[in-house]
Structure formats: C-alpha cells, structure tokens
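> okay, structure incoming, though there's no sequence with it:
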C-alpha cells in the first residue's frame, strides 16, 4: 500500500524542470516590479527635495553653513562659478560622504542673468538636478539622472555661500 | 468528493497551481508598481510645468521691482514724481501676457502666462499710489501680490495600462 503514496522520481524531476523554466520569467516579473518601485521612490523624493530647495532659495535662504535649510547648509561649492553639490543618503537627507556612502548627488547651479545694484537683486536661472549613484538591481547604468528642475527667480545678489572643498 | 484512480501527475498539478499563483501575484505587483510610477511621473511633470510658468511671472516681478527702485531714485523722494515716473516706466512691460490697468490710486498688473500644455499661471500685483512722501522709504509695501497661482488644465483620467510603454521605460532605466 505504501508504494502507491508519495511522488515518483520522474514526477519530481518534471516538476523541478517546469519550476526552473518558469521561474526565469517569474523572477523577471518580480525584479521589474522591484525596480519600478525604486524608480518611483527616487522620482517622488527627488521632486520633493528639488521643490524644497527651490522654495528655500525663493524665500531668501543663502547657500552655505549659515543656512537654516539642511540641504543648502550641506552644499559644497565646486568651482568659482555658482555650482554647488550635495551628497544625499538613501533617505534623501544630506550625508557626510567621508563617513557614509552616498546614494544620490544633487547639483544646484545658479546662473546670474541680470543684476540690479539699486535693489541688490539679481535674476538667476536656477537648475537643480539629482543623480543616482548606484545602478538599479541587475542594471549597469551608474550616475543616472533622476530629475531636473529649472526656474528663474529674483534673488539677493549675495545668495551664494563661500564654502568650497 | 471526486476519487481519482491514480495519483500520477498530482505533483505537476501542484506545481502548475503554484506557478499560476506566483504569476498572478507577480503581474499584480508589477501593475501596482507601474501605476505608482505613472503617478510619480505626472507629479514630476506638473512640478516642472509649474516652475516653467512661475519663472515667467518671477521675471515680470523682477522687472517691476527694478522699475519701482528706479522710480524711487528718480523721484527725489517726492510722491508725485515717483508716481509719474512709475506710470511711464511700467508701460514698457505692456505686452500680450502682461496687462496694466491704470488708476489714480493704484496700478494693477496682470500677468497671464500659458504654456504648451494648456496650463495658465496668473499673477496679479497692485502698486498703490502712496499717501505721503515718507511711505516711499518702505519699499516692501510698494508692491502687493494679490494672486500668484497656477490654474491647471483639466485632467483626463485614463484607466488603460499601456504595457508597450512599460517595456521601453524599463530598458531606459
């Protein structure tokens, strides 16, 4: 009687064959879903952070250690021009890249289009772009741009900080 | 209850059921992820559109601020000169997007900016004629922003899921 119970070796081999054949496609579906979730997370956060920077600058926050905005406070000047970079962690908060691996890089570029000495104001073209440093799961492309936001704003002429690496 | 004569092949049925279940969950996961991504992309696009239109209004505001400052300097701090100078200088801004309404007490500047997607940005500013000469010193009060907002286009909801679009996007990512 016991001989009739359970699975035969042939059945198990066939089952394993079917599972291994279909699991390739199944895994692709799950990996795609995981990557799509990550792309959504990155894009949502990049939009929030970019908007936050844009509004802080609009409200008159200066870039540099004196700023109340945590991202602008951690911005480092790259060159003599008004180009700043901020290293962001997994949670889109600024990190000290000397101690913690950063996941994203935010570049803030201020381009002075027109200035008025009378009002001490300048018209700036502001560009904020966020790049992902690490590739997505099973993908190879690094430093992929997630989001870029451009705007023109009238800001104070001394908006740029004096921090530099 | 159905009684089978033999149990041969039952393991294959179990495996097929398992695979079908996983495929269903996988497709559901991908559909929900993709609809989330579509919403995120829409928000990102709206934000870009907003700042594109707001930039035009910001340029208008910057020009008005400069005109006000120039008028103050040119007026020798007398109210009449300031108002005359301001009236004259503001005429430069009059265009298809920026309209000016002059009054004895105030000037209303209306900026109505439209982009290619059909979104409108409305900026309404009021420049008041000052009651006394001393008020000219208070520059912050010279320009009053009454309206500063985006009027979005009508949104059409699409229920259909476009899988062909998904393929392209995954490859790009």
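Structure's in. What do you need? Everything numeric in this text was worked out from a predicted model, so none of it was measured. Numbering: from 1, shown residues only, chains lettered A, B, ... in the order given.
> nearest the geometric middle of chain B, what residue?
Most central in chain B under Cα atoms, centre = their mean is residue B:50, positioned 2.0 Å from the mean C-alpha point.
> how about the secondary structure of that residue?
Under DSSP: H, G, I helix; E, B strand; the rest coil, residue B:50 falls in the helix class.
> so who does it touch?
Taking Cβ atoms under 8 Å, 6 or more residues apart in numbering or on different chains as the contact definition, residue B:50 lies against B:119, B:121, B:150. Yep, even glycine has a C-beta here, placed from its N, CA and C like the rest.
> looking at these, state which has the most neighbours.
Highest neighbour count within the contacts of residue B:50: residue B:121, with 23 neighbours (other Cβ atoms under 10 Å in any protein chain shown).
> could you point out the helix or strand that follows the helix or strand of chain A with the lowest mean pLDDT?
Ranked by mean pLDDT, DSSP states H and E, the weakest helix or strand in chain A is strand A:76-77, scoring a mean of 89. Helices and strands here follow DSSP states H and E; after strand A:76-77, the next one along the chain is strand A:83-88.
> buried residues in that following strand?
For strand A:83-88, burial by neighbour count (16 or more other Cβ atoms under 10 Å in any protein chain shown) applies to A:83-88.
> for stretch B:64-73, same thing?
B:64-72.
> thinking residue A:83 is in contact with residue A:107, fair?
Yes: counting by Cβ atoms under 8 Å, residue A:83 touches residue A:107, with 6.9 Å between them.
> still on that earlier bit, for residue A:149, see how far away the residue nearest to the centre of chain B is.
Residue B:50 is 10 Å from residue A:149, where distance means Cβ to Cβ, to the nearest Å.
> so what sits against both of those two?
In contact with both residue B:50 and residue A:149: no residue, using Cβ under 8 Å, 6+ apart.
> return the closest of the contacts of residue B:50 with respect to residue B:15.
Nearest to residue B:15 among these: residue B:119, at 53.3 Å, using Cβ to Cβ.
> could you measure from the closest one over to residue B:98?
17 Å.
> and for residue A:84?
From residue A:84 to residue B:98 the distance is 33 Å (Cβ to Cβ).
> residue A:102 in helix, strand or coil?
Criterion first, three-state DSSP; result for residue A:102: coil.
> for it, give me its contacts.
By Cβ under 8 Å, 6+ apart, the contact set of residue A:102 is A:87-89, A:95, A:133.
> I'd like those as a markdown table, with distance to residue A:26 and pLDDT appended.
As requested, the contacts of residue A:102 are exported to a markdown table (distance: Cβ to Cβ, whole Å; pLDDT from 0 to 100):
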| residue | distance to residue A:26 | pLDDT |
| --- | --- | --- |
| A:87 | 37 | 94 |
| A:88 | 34 | 95 |
| A:89 | 32 | 93 |
| A:95 | 36 | 92 |
| A:133 | 30 | 93 |
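> also near chain B: which of these, exactly?
When contact is defined as Cβ under 8 Å from any Cβ of the partner chain, these do not meet chain B at all.
> list just the nearest of these to residue A:23.
Nearest to residue A:23 among these, with distances taken as Cβ to Cβ, is residue A:133, at 31.0 Å.
> show me what the lengthiest helix in chain A is packed up against.
Across chain A, the longest stretch assigned as helix under DSSP state H is helix A:9-58. Other elements packing on helix A:9-58 under the criterion 3 or more Cβ pairs under 8 Å, 6 or more residues apart in numbering or on different chains; DSSP states H and E are helix A:70-73, strand A:104-116, strand A:121-132, strand A:144-156, helix B:10-75, helix B:163-172.
> next, the angle from that helix to strand A:83-88.
Angle, helix A:9-58 to strand A:83-88, by axes from the mean of the first three to the mean of the last three Cα atoms, to 10 degrees: 140 degrees.
> how distant is helix A:9-58 from the center of its chain?
17 Å (Cα atoms, centre = their mean, to the nearest Å).
> same deal with stretch B:116-131?
Relative to the centre of its chain, stretch B:116-131 is centred 15 Å away, using Cα atoms, centre = their mean.
> any residue of it up close to chain A?
No: Stretch B:116-131 stays out of contact with chain A when judged by Cβ under 8 Å from any Cβ, the minimum separation being 12.1 Å.
> quick one: mean pLDDT over that stretch.
Regarding stretch B:116-131, the rounded mean pLDDT is 85.
> buried sites along it?
Buried residues in stretch B:116-131 (16+ other Cβ under 10 Å): B:119, B:121-123, B:125-127, B:129-130.
> ditto for stretch B:31-38
For stretch B:31-38, by 16+ other Cβ under 10 Å, it's B:33-34, B:36-38.
> phi, psi for residue A:137 please.
phi -60, psi 120 (degrees, to the nearest 10).
> what of residue B:106?
Backbone torsions of residue B:106, given as degrees, to the nearest 10, read phi -150, psi 160.
> state the distance from the nearest residue to it once chain neighbours are set aside to chain A.
Of all residues not flanking residue B:106 in the chain, residue B:128 sits nearest, at 4.8 Å (Cβ to Cβ, 6 or more residues apart in numbering or on different chains). Distance of residue B:128 to chain A, computed by Cβ to the nearest Cβ, to the nearest Å: 19 Å.
> I appreciate the help and will end here.
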